[in-house]
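S.K.: predicted model follows, preceded by the sequence.
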Amino acid sequence: QVQLVESGGGLVQAGDSRRLACAASGRSFNGYAMSWFRQAPGKEREFIAAIDWIAGHVFDVESKKDRFTISRDADNKIVFLQVTNLQPEDTAVYYCAAARRYLAQTVKSATTYDYWGQGTQVVVSL
């Protein structure tokens, strides 16, 4: 049974940095894309970044790549999201997701993903 368990969220102040972690278990993730999404209240789930489990190739978005960095520890099956200079608009629930099959064109779509964690909430105050 695949499990993705996020951690590292909490209440932070604007300007702080935070490292979120996603512990993956239940199977080998070779060939998977592991991703981070976020969902703010009243908004759609938003892609942040993805990483190929074996090669470590990163898929990201231009508007976020300066403050959001994805990485993985393949030996321990953990995916990280380092976030710097947090702002109130970054307040959201952050989700980890895993996709067995993906393309560069589909990796940013939530419908590509087979497994999701429960999320970890980040609240940024001024």
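M.R.: Ah, there it is.
S.K.: which residues does the most centrally placed residue in the chain contact?
M.R.: Nearest to the mean C-alpha position of the chain, by C-alpha atoms, centre = their mean, lies Trp36 at 1.7 Å. Counting by C-beta atoms under 8 Å, 6 or more residues apart in numbering, Trp36 touches 20, 22, 48-50, 68, 70, 79, 81, 94-97. Backbone N, C-alpha and C define where each C-beta goes, glycine included.
S.K.: show me what the helix or strand harbouring it pairs with in its sheet, parallel or antiparallel.
M.R.: Taking DSSP states H and E as the criterion, Trp36 maps to strand 33-39. Under the criterion DSSP bridges, strand 33-39 sits next to strand 46-52 (antiparallel), strand 92-99 (antiparallel) in its sheet.
S.K.: dump the last one to PDB, keeping only the CA atoms.
M.R.: To tie it back to what came earlier, the one meant is strand 92-99. What follows is strand 92-99, C-alpha atoms only, in PDB (Å, rounded to 0.1, in the frame of the first residue of the first chain):
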ATOM      1  CA  ALA A  92      -1.800  26.800   1.500                       C
ATOM      2  CA  VAL A  93      -1.900  23.100   2.100                       C
ATOM      3  CA  TYR A  94       1.100  21.600   0.400                       C
ATOM      4  CA  TYR A  95       0.600  18.100  -1.100                       C
ATOM      5  CA  CYS A  96       3.000  15.500  -2.200                       C
ATOM      6  CA  ALA A  97       2.000  13.300  -5.200                       C
ATOM      7  CA  ALA A  98       3.400  10.400  -7.200                       C
ATOM      8  CA  ALA A  99       2.700   9.500 -10.800                       C
END
